[in-house]
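> Here's my sequence, what's the structure:
(4 chains)
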Number of protein chains: 2
Amino acid sequence: MADDVEAVAERVFTAIADPSRRAVLAALAAHGPATVTELADRLPITRQAVAKHLALLTEAGLVAAGPPEGRRVRYGLRSAPMQVAQRFLASLARDWDGRLQALQDHLTREAEDR
Amino acid sequence: MADDVEAVAERVFTAIADPSRRAVLAALAAHGPATVTELADRLPITRQAVAKHLALLTEAGLVAAGPPEGRRVRYGLRSAPMQVAQRFLASLARDWDGRLQALQDHLTREAEDR
DNA sequence: TAGAGTCGCAACCAGAAGGTTGCGAGCATT
DNA sequence: AATGCTCGCAACCTTCTGGTTGCGACTCTA
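Here you go, the predicted model:
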């Protein structure tokens, strides 16, 4: 299903890297679940543009379609993938700092040898 | 200077969303600071492609050019922006959970009224 | 001083991304 | 039955992006 940590993180990052997408997420966070047209009203883009962004956000797991109320479909936030991305970032930073520390030691040793 | 939290986070996210860029960062983390051509040797892309990615990564603050050693230029990792992005993610998730909790309460109250 | 290696700049190309417009189809309300 | 919504699909356009190739310039060393 290709849902290992890095894959999830990649989708989350590409998702929230776009300003329009962040605007969609912000609108959902501010006013609660909403339909496509409601979001299109609040945002400066077309309904179809919103729909495309919602598709991508759904793919990333950040958003999910609620139970269909007649013909209307409401989308809501899902914070689970964010925590995965967060952990990914944390482990990355940890690796870097470890490497940087090792490099620092290495340079120190080199300087002492000289 | 446009270096508020959201701007930094956006650059970091777009930076690490790309697989080639993550590969560059991984190479730097694994073998320590390196020059453009060294990185191009380890990766399946051209030197110029690496150079472009390094420019973007530098712009994002994730990488920095070390002191020039003659003509050679070594690039190293900087983890500071990662922590900014991490905090950004954390605050986002917190906002969402708060909103979701509020919505949950709202629905519960509505159900009880009925 | 003549190579060999490294770097930066510019042009170019194909494909992906963000966005719009234009439909046709399903539910309502009147 | 007719109007008025909302939704989904498809085509199209423009810009951004990842990547390559082709130089010219600089540094080091034999």
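> The closest residue to residue A:88 other than its chain neighbours and residue A:95: what is the separation?
Once flanking residues are discounted, residue A:88 sits nearest to residue A:9: 3.9 Å by C-beta to C-beta, 6 or more residues apart in numbering or on different chains. All C-beta atoms are positioned from the backbone trio N, CA, C, and that covers glycine. From residue A:9 over to residue A:95 the distance is 14 Å, taken as C-beta to C-beta, to the nearest Å.
> one step back: around the residue nearest to residue A:88, how many other residues sit close by?
Neighbour count of residue A:9, defined by other C-beta atoms under 10 Å in any protein chain shown: 23.
> and residue A:58, what is it in contact with?
Residue A:58 makes contact with A:64, A:65, A:75 under the criterion C-beta atoms under 8 Å, 6 or more residues apart in numbering or on different chains.
> Low-confidence stretches in chain A?
Chain A contains residues with pLDDT under 70 at A:1-2, A:98-114.
> what does it put close to DNA strand D?
Counting by C-beta under 7 Å from any atom of the strand, chain A comes close to DNA strand D at A:35, A:36, A:37, A:38, A:47, A:48, A:51, A:71, A:72, A:73.
> quick one, phi/psi of the fifth one?
Translated: residue A:47. Taking degrees, to the nearest 10, you get phi -60, psi -40 for the backbone angles of residue A:47.
> phi, psi of the closest residue to it other than its chain neighbours?
Using C-beta to C-beta, 6+ apart and skipping residues adjacent in sequence, the residue nearest residue A:47 is residue A:40, 4.0 Å away. Backbone dihedrals for residue A:40, given as degrees, to the nearest 10, come out at phi -60, psi -30.
> can you pull the contacts of residue A:40?
Going by C-beta under 8 Å, 6+ apart, residue A:40 touches A:46, A:47, A:49, A:50.
> Equivalent analysis for residue A:83, please.
Residue A:83 is in contact with residue B:93, counting by C-beta under 8 Å, 6+ apart.
> what kind of secondary structure is it in?
Look at residue A:83: counting by DSSP: H, G, I helix; E, B strand; the rest coil, its state is helix.
> List the contacts of the nearest residue to residue A:73 once chain neighbours are set aside.
Nearest residue to residue A:73 in three dimensions, chain neighbours excluded: residue A:65, at 5.4 Å (C-beta to C-beta, 6+ apart). Residues counted as contacts of residue A:65 (C-beta under 8 Å, 6+ apart) are A:58, A:73, A:74, A:75.
> buried set for stretch A:53-69?
Of the residues in stretch A:53-69, A:53, A:54, A:56, A:57, A:60, A:61, A:62, A:63 count as buried by neighbour count, 16 or more other C-beta atoms under 10 Å in any protein chain shown.
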